[in-house]
Structures are given as structure tokens and as C-alpha cells.
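> predicted model follows, preceded by the sequence.
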Amino acid sequence: MTSVIRALSALGKFWKDFLIGDAPELFAGTLVFVGAALVLHRHGYVAVIVLPLIVIMFLGGSVLRGRAKS
Amino acid sequence: MTTSTVVLALAVFGASAVEMVEALTIVAAAGVTRGWRSALEGTATAALVLAALVIAVGVPLARLVPINVLRVVIGALLLVLGLDWLRKAVLRASGHKALHDEDAIYAKTVAGLSDGPEAPSERGAAGSWRHGRRDATGFTVAFKGVFLEGMEVVLIVITLGASSGHLALAAAAAAAAAVVVCAVGYLVARQLSEVPENAMKLAVGVMLTSFGVFWVGEGSGLHWPGSDLMILVLVGVFAATAAVLSFVMRRLAPAREAMAAQSSPSS
């Protein structure tokens, strides 16, 4: 039982580190991106321009946040 | 072979190569200090477990989950991973984060393993190989190193392979990376620090981010102009973004240095 709990806890830690790690803003940005894709998918070129811009905006913000921590 | 298939193979190969370099550093340290037999057995066991994971998780995913749901979920995972690699690569390239130093990691691992009470290095690592002795510490360290570094490779192989219907190709690209890194590692011995790891991480981060954006869009019903060719456009856009961010960040001193310069009486 203990080994099962330990394995589950290690799995949970792996996914937390993988998804959030030291840049929770990128996880939040991805959720915003997925939401925007689901809303904008019928808007053709608007989506094609806006979706990459969302990614660029969150990446830029995260890099600046990384600088503040450096 | 379509454009997206080529980019997919390159992305898996690059990502796997970066992770394999990190794993090889740990295996080499375990082999030198605790004996090669146990280190190689630990490596082989971890590789088998990882391959089993790809088959056990990847094949059912590709067959049972609706392709659009799979693409949104997997695209989101790729986006998280790709953006994290890009962020770290930009910060390292601009001097705001220390570069991944394989020499330092190797030295630290060797020092840690040599401190053990029953380190086979005391009787000679080559001796332990000749006498066929097994060393639990060497096995465990090599297994953990390969397994933990390999988990990201497994995720990339499964996500890229399952959502594109090219699981076998993705697995083959990862296996090719393992062979190339092992061969290079064997030829250059401990010169793993010479591998341009940050540049590779930046390139792979760009590709993973591009695939993530493309597949979340496709899965949510968006028709990208030019279909698969849009992946190349996205690669160009994110590569340019990373270059601009690195350039801008290089001109900005790390926050602590800037604060120190402001508070210094001589400035």
C-alpha cells in the first residue's frame, strides 16, 4: 500500500513539475491559448494571427519574469 | 514524406538527443565510479521500461481516443513543454540563467558516488566488470538517470507520434538519437560539454511550440491556411521571436546585477 501511495505521489509530482514547474504563467498561458482556439476556430485568419500572438505574449512575459528572478 | 513528418522526426530526434546527453552524463559517472556492468544493466532496464511505456500508452491512445480530442490535449502538452524549453533557452542564451554544465554535473555525480562505503572504484571499476560483480548503487543511479531523462522523451514520442499517426516513426527517431548520442559519447569520452545543448534546446523548443499551436488549432476545428505547410511558418515565427527575445534580453542585465549597480556608492 505504501509503495502504491509513493508511486502515485511520485507520478503527481512528475506531472506538477512537468505542467507547472517554475513557470506557472506558461501553464496559464496554455489554458488561455486552448480556450482562445476553441472560441476563435470559426474566424479563419483572425485565429491564425491571434493564436500565435497569444503564445508570443505569454513567452515574452515569462522571459521577463525569469529575468526578474535572475 | 510530408513537411510535417520531416519536422516531426527532427523534433523528436533533437529533443531525444538533448535528454540523452543528460542521461549519458549520469551513466558515464556511474560506470566510471561503480563499474560499467551495473551502469549498463541499469541503462538497458530503464530503456526497456520506457519502450514498454510507449507501447502501453501510445498505441491505445492513438487507437481509442478521438483524434481531435487527442490533438487538443496533446497539443497543449507540447505547448507547455515547448514554451518551457524556449523560455529557459532564451534566458540561458542571454546570460540570465546558468548554462547546463555537463562537466559540473559529471564531477558532482562522480564525487557523490565515490563517497559510498563500498564504492567499487576502490577495487577498480574495470576489475568489477571483469569479475562480473554487480553494484546496486551503480545500477540504481544509471536506471534513475535514464528513466527520468527518458520520461520526457517518452512524452514527446507519444504526443507527437500518436497525434500524427506516426508513432513508429517517432519511436525510431528517438532510438536513432540514442544510438547517435551513445556513439558520440563513446568517441568523445567526457567531452559532452562540447555539445551545443542550449542551441539544440532552443531549436527543439521552437518545433514543439509550433506543433503544439498547430495541433490545438487543428483539434479545435481551425483550418490552417496551407495545411501542414503552416507548421513551417509557425517554426519561422517562433524562431524569430526567440531570436528577438534573446537579443533584447542580452541588452538587459540580470535583475540582481542591475539592482547592485544602482545601490553601489561608486556608480
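Nice, I can see it. Numbering: from 1, shown residues only, chains lettered A, B, ... in the order given.

> may I ask which helix or strand of chain B has the lowest mean pLDDT?
When the helices and strands of chain B are scored by mean pLDDT, DSSP states H and E, helix B:125-130 comes last with a mean of 45.

> tell me which helix or strand comes right after that one.
helix B:136-164 (DSSP states H and E).

> quick one: list the elements packing against the helix or strand just after that next one.
Counting by DSSP H and E, the next helix or strand C-terminal to helix B:136-164 is helix B:167-188. Judged by 3 or more C-beta pairs under 8 Å, 6 or more residues apart in numbering or on different chains; DSSP states H and E, helix B:167-188 is in contact with helix B:3-34, helix B:136-164. From N, CA and C alone the C-beta is placed, and that goes for glycine too.

> which helix or strand contains the nearest residue to A:L31 once chain neighbours are set aside?
Excluding the flanking residues, the one nearest A:L31 by C-beta to C-beta, 6 or more residues apart in numbering or on different chains is B:A76, at 7.9 Å. Using DSSP H and E, B:A76 maps to helix B:67-93.

> now B:R63
Here B:R63, judged by DSSP H and E, is contained in helix B:59-64.

> let me see the mean pLDDT of that helix.
Helix B:59-64 comes out with an average pLDDT of 75.

> over to stretch A:50-65?
When pLDDT is averaged over stretch A:50-65, the result is 94.

> that one: how far from the chain's middle?
11 Å (C-alpha atoms, centre = their mean, to the nearest Å).

> next: stretch B:59-71.
That offset, for stretch B:59-71, works out to 24 Å (C-alpha atoms, centre = their mean).

> can you check stretch B:240-248 too?
How far stretch B:240-248 lies from its chain's middle: 22 Å, per C-alpha atoms, centre = their mean.

> what does it contact?
Applying C-beta atoms under 8 Å, 6 or more residues apart in numbering or on different chains, the contact partners of stretch B:240-248 are A:56, A:59-60, A:63, B:86, B:89-90, B:93-94, B:202, B:205-206.

> quick check, central residue of chain A?
Centroid-nearest residue in chain A: A:F27, 2.1 Å away (criterion: C-alpha atoms, centre = their mean).

> which neighbouring elements make contact with the strand or helix carrying that one?
In this assignment (DSSP H and E), A:F27 forms part of helix A:24-40. The elements that helix A:24-40 packs onto, with contact taken as 3+ C-beta pairs under 8 Å, 6+ apart, are helix A:45-69, helix B:67-93, helix B:197-219.

> show me which residues of it are buried.
Neighbour counts over helix A:24-40 (16 or more other C-beta atoms under 10 Å in any protein chain shown) mark A:25-27, A:29-30, A:33-34, A:36-37, A:40 as buried.
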